[in-house]
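J.: kindly generate the corresponding structure for this input.
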Amino acid sequence: MSNEVPEPLRTIDAVMDDGAVIHIRQHGNPAGPRLVLSHGNGLAIDGYLPFWGPLRARYELIVFDFRNHGRNPTHRLDHHNWPTFIGDLEHIFHLVQREFGAKRTVGVFHSLSAVSATMHTQRIGKRWDPLVLFDPPFYPRDGHPLREQQTAGEDAIAARAEKRTPSYKDPLELARQFGKYFTRWQPEAYELMARATLRRDETSGEYVLACPREFEAHVFRSNRDTTAWTGLARMPVAVKLICADPNLEMAAPALIGKALAEEAQVDYEAIPETTHFLQIERPAECVRSMEQFLAKNGITAGLTAQTHL
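T.: Take a look at the predicted model:
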């Protein structure tokens, strides 16, 4: 796998209701089934290339970063919240249908984007069909034994986010940090994610966090809505949870995925020997699990003459 993110077939600069800009990119095979993909808090979808890159031959891929992440310009902190994320997803869904053609659209989301897409579906209705959710950190319902552990865990992650190094002379410095702390990633993922989550500041010449650390911390601390958990069993679309190994992590959200799958009776699989970053640790196993679920819901992809790589 290359460290170079391929050029998209097409890019749309989408303007949200409050003026925030989100760059939406089309990759892959426009004749194939459509997957829309996004990422976790503080990350960026280009860093997930080990997962979605091999899918380009068979699927139409629409990828985007959440506001204030990745390729998008920084907007307002006071609009960086869950209700705004839900509104953004509604805007993006309809824009994709209008600009790329109306067709069945699978949502493939990780962490932040998985929770947001679940709340979006619960509040607005069927859009993504079906939903593939990678290790979503749903906030446990009242009285659940994982509630205290999840709250403490996200508060601790938020505190670490607030202390992140805000700028680097070179993305390779951040790549080395990733390599030190996340030892299970695919080798190419460290530099990919570093470059995807930094942008060059023309004034200083340094590389700064695309998602400012206070924005990242705020999302962790504000993930306290129980409705995604309590409403999962009543979703109007099929859902699969593909999660980290609960025997390896022994921590939320890996334990949350297992507990909620049993409670809500939704499709679930844990990928052995993976952490929260399972898509860039064992991408082939994640693709297998996803495609089994898609086939179960009538979506299969084969090579066609209209492949674009």
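J.: phi and psi next, for Phe182.
T.: Backbone geometry at Phe182, expressed as degrees, to the nearest 10, gives phi -120, psi 80.
J.: meant to ask about Leu241, not that
T.: phi -100, psi 120.
J.: neighbours around it, how many?
T.: For Leu241, the neighbour count with other C-beta atoms under 10 Å is 27. Every C-beta, even on glycine, is put in place using the N, C-alpha and C of the backbone.
J.: ok, now Gly28?
T.: Gly28 has 27 nearby residues by other C-beta under 10 Å.
J.: in the sheet, who's paired with it?
T.: For Gly28, the beta-bridge partners are Glu60 (DSSP bridges).
J.: start the count at 379 instead of 1 going forward.
T.: Noted, 379 is the first residue going forward, which turns the last one into Gly406.
J.: and Glu594, how many residues sit next to it?
T.: With other C-beta under 10 Å as criterion, Glu594 counts 25.
J.: over to the one 5 residues further on?
T.: Here the count is done by other C-beta under 10 Å, and Arg599 has 16 residues near it.
J.: again, but for Pro614
T.: The criterion is other C-beta under 10 Å. On that basis, Pro614 has 11 neighbouring residues.
J.: could I get the pLDDT score of it?
T.: Note on Pro614: pLDDT of 97.
J.: Asp507 versus that one, what's the distance?
T.: 9 Å (C-beta to C-beta, to the nearest Å).
J.: what are the phi and psi values at the closest residue to Pro549 other than its chain neighbours?
T.: Closest residue to Pro549 apart from its sequence neighbours, by C-beta to C-beta, 6 or more residues apart in numbering: Ala572 at 4.3 Å. With angles defined as degrees, to the nearest 10, Ala572 sits at phi -60, psi -50.
J.: what's near enough to touch the spatially most central residue of the chain?
T.: Taking C-alpha atoms, centre = their mean, the centroid of the chain lies closest to His417, which sits 2.0 Å from it. Contact analysis of His417 by C-beta atoms under 8 Å, 6 or more residues apart in numbering lists Ile423, Gly425, Tyr426, Asp443, Phe444, His447, Gly448, His488, Ser489, Leu490, Ser491.
J.: residues touching the residue lying closest to it once chain neighbours are set aside, list them.
T.: Leaving aside its chain neighbours, His417 sits nearest to Ile423 (4.7 Å; criterion: C-beta to C-beta, 6+ apart). By C-beta under 8 Å, 6+ apart, the residues touching Ile423 are Leu415, Ser416, His417, Trp430, Val441, Phe442, Asp443, Gly448, Ala574.
J.: let's go with 10 Å and repeat that
T.: 383, 403, 415-417, 429-430, 439, 441-444, 447-449, 488, 491, 574 (C-beta atoms under 10 Å, 6 or more residues apart in numbering).
J.: strands of the stretch 529-678 of the chain, start to end?
T.: Shown for the stretch 529-678 of the chain, the strands assigned by DSSP state E, counting those that start in this stretch span residues 545-546, 576-578, 585-587, 617-621, 645-648.
J.: name the SS class of Gln528, please.
T.: Reduced to three states with DSSP: H, G, I helix; E, B strand; the rest coil, the structure at Gln528 is helix.
J.: where does the prediction get shaky in the stretch 479-628 of the chain?
T.: The stretch 479-628 of the chain contains residues with pLDDT under 70 at 627.
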